[in-house]
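Colleague: sequence and predicted structure below; questions after.
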Amino acid sequence: FIDLETTGATAHHDRITEIGCVEVEHGRMVGEWSTLVNPETGRIHSRFNQIGADTGRTSSAGPNMQNLPQDKMVRSCFVARPGHKIITIDMAGAELCIMAEMSGDPIWIKAFNNGWDVHSIGAQLIFPKEWEEAVEPGCQFSTEKHKCDCKGHKKIRNKIKAINFGLAYGKSAYGFASDMGISVPEAEELIANYKRKFPVVFRFLEGLENSAKMTCESRTMAGRRRQWERPDFNAVLIDLTNRAVKDETPPPSHYDVRKEMGKRMASMGREAKNAPIQGGNGDIMKAALGALWLFLESTYGALVLSTVHDEVVIEAREDNSQVVLEVVRKAITDAAAEWMKFVRMETEGAISTCWSK
């Protein structure tokens, strides 16, 4: 939704040139991206596949609007028409809220429903001594349990944040060690400490993995199912044999086949931890968009421009943009409430002349 006709939009287009996304000459697109501009609207129209990802989330192509850098300069290139505003709204901590709901963890549920910072709560529980020593004057967590600016707290919080999101993606100790720049034993110890403080979350994730290994499927809160094919000895043997022929290496042994089958089962287990969480995210957003799509245009003259997983981008008239923001906010929270009975899904929104969040 880059508007090529907007007066004064050349500066926005020049920014695109700077970041290398699009070739621009005198405020006009040239090269490959120019062929994507609709001659009637003067805009780029991406194609969205409602179940384009294995998890059930949407995908985008022609061009892929969900894979742009999350950079303010990039997003500022996408501008509203004169007299209009861009509304950007997303679910706050969507994946962790869904994990709290599905696991039933009382600590997380209490934190989310009270508006507390769940990463800081975890950091304080797992590193109580270090957390207490790092308190600085004016610490917002100490008074309101909100994210604070204490330097020591930020360092500890980042560790817990990495684990919180890593667990939602089925990450192993090796993955944590690589991402956090620590040794594997240190990562294993950190995960063990986390497990002692949040046993409910761990039992939930382990349950997803074990169930998938038995049934080769997982389900979202809405009941949508993802299935896997159980590794078969003969099929794996054929795959490895073909690979060996291509690479001109010795044929696979019985041990090689069993090892590969183990890898595939482990991969399925990791995906099974994440599929209900990302898939639940997708279910909520698609339910919200289904309610909004025609209603926004017919009632407010607003258009749904794009969606990026747990985020939706709307263009509305300047005079009713605040109303539209509240309508979209309610649609998302109502959609989440269809399946989330213990945790309320909150949203974060912004109104600007461009895609700003």
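Modeller: That came through fine.
Colleague: ok, now how distant is residue 72 from residue 344?
Modeller: Per CB to CB, to the nearest Å, residue 72 is found 29 Å from residue 344. For the C-beta atoms, the positions are set from N, CA and C on the backbone; glycine is no exception.
Colleague: what do you get for residue 98?
Modeller: Distance from residue 98 to residue 344, by CB to CB: 12 Å.
Colleague: repeat that for residue 156.
Modeller: 27 Å.
Colleague: the two: who's more crowded?
Modeller: residue 156 (20 against 15; other CB atoms under 10 Å).
Colleague: so what's that one up against?
Modeller: By CB atoms under 8 Å, 6 or more residues apart in numbering, the contact set of residue 156 is 123, 127, 130, 131, 134.
Colleague: out of everything not next to it in sequence, what's closest to the last one?
Modeller: What sits nearest to residue 134 in space, not counting adjacent residues and going by CB to CB, 6 or more residues apart in numbering, is residue 152, at 2.6 Å.
Colleague: after the helix or strand containing the one you found, heading C-terminal, what element do we hit next?
Modeller: Assigned by DSSP states H and E, residue 152 belongs to helix 151-168. Following helix 151-168 in sequence order, the next helix or strand is helix 173-180 (DSSP H and E).
Colleague: centre of the chain to that next one, how far?
Modeller: Put simply, helix 173-180 sits 19 Å off its chain's centre (CA atoms, centre = their mean, to the nearest Å).
Colleague: I'd like the average pLDDT over it.
Modeller: Helix 173-180 comes out with an average pLDDT of 85.
Colleague: residues in contact with that helix: which ones?
Modeller: 159, 162-163, 166, 171, 182-184, 186-188, 190-191.
Colleague: what's the helix or strand where residue 193 lies in contact with?
Modeller: Residue 193 is located in helix 184-197, with elements delineated by DSSP H and E. If you take CB under 8 Å, 6+ apart as the criterion, helix 184-197 is touched by 122, 125-126, 159-160, 163, 173-174, 176-177, 180, 182, 202.
Colleague: what comes up buried for that helix?
Modeller: 187, 188, 190, 191, 194, 195, 197 (16 or more other CB atoms under 10 Å).
Colleague: what angle separates the helix holding residue 152 from helix 173-180?
Modeller: Helix 151-168 and helix 173-180 meet at an angle of 140 degrees, taking axes from the mean of the first three to the mean of the last three CA atoms, to 10 degrees as the criterion.
Colleague: helices along the stretch 201-350 of the chain, start to end?
Modeller: Along the stretch 201-350 of the chain, counting by DSSP state H, counting those that start in this stretch, helices occupy 233-247, 254-300, 321-337.
Colleague: pLDDT (mean, whole number) over the last one?
Modeller: The pLDDT scores in helix 321-337 average 96.
Colleague: repeat that for the longest one.
Modeller: Taken as a whole, helix 254-300 carries a mean pLDDT of 93.
Colleague: mind putting the buried residues of helix 184-197 in JSON lines, pLDDT and distance to residue 310 included?
Modeller: Converted to JSON lines, the buried residues of helix 184-197 look like this (pLDDT from 0 to 100; distance: CB to CB, whole Å):
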{"residue": "187", "pLDDT": "88", "distance to residue 310": "27"}
{"residue": "188", "pLDDT": "90", "distance to residue 310": "31"}
{"residue": "190", "pLDDT": "88", "distance to residue 310": "27"}
{"residue": "191", "pLDDT": "89", "distance to residue 310": "26"}
{"residue": "194", "pLDDT": "89", "distance to residue 310": "24"}
{"residue": "195", "pLDDT": "90", "distance to residue 310": "27"}
{"residue": "197", "pLDDT": "91", "distance to residue 310": "26"}
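Colleague: I'd like those residues laid out as JSON lines, including distance to residue 286.
Modeller: Below are the buried residues of helix 184-197 laid out as JSON lines (distance: CB to CB, whole Å):
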{"residue": "187", "distance to residue 286": "35"}
{"residue": "188", "distance to residue 286": "38"}
{"residue": "190", "distance to residue 286": "35"}
{"residue": "191", "distance to residue 286": "33"}
{"residue": "194", "distance to residue 286": "32"}
{"residue": "195", "distance to residue 286": "33"}
{"residue": "197", "distance to residue 286": "34"}
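Colleague: from these, which is closest to residue 91?
Modeller: In terms of CB to CB, no member of the buried residues of helix 184-197 lies closer to residue 91 than residue 194, at 23.9 Å.
Colleague: hang on, the earlier thing: buried subset of the contacts of helix 184-197?
Modeller: By 16+ other CB under 10 Å, these give 122, 125, 126, 159, 160, 163, 173, 176, 177, 180, 182, 202 as buried.
Colleague: quick one: contacts for the fourth one?
Modeller: The neighbours of residue 159, taking CB under 8 Å, 6+ apart as the test, are 123, 180, 190.
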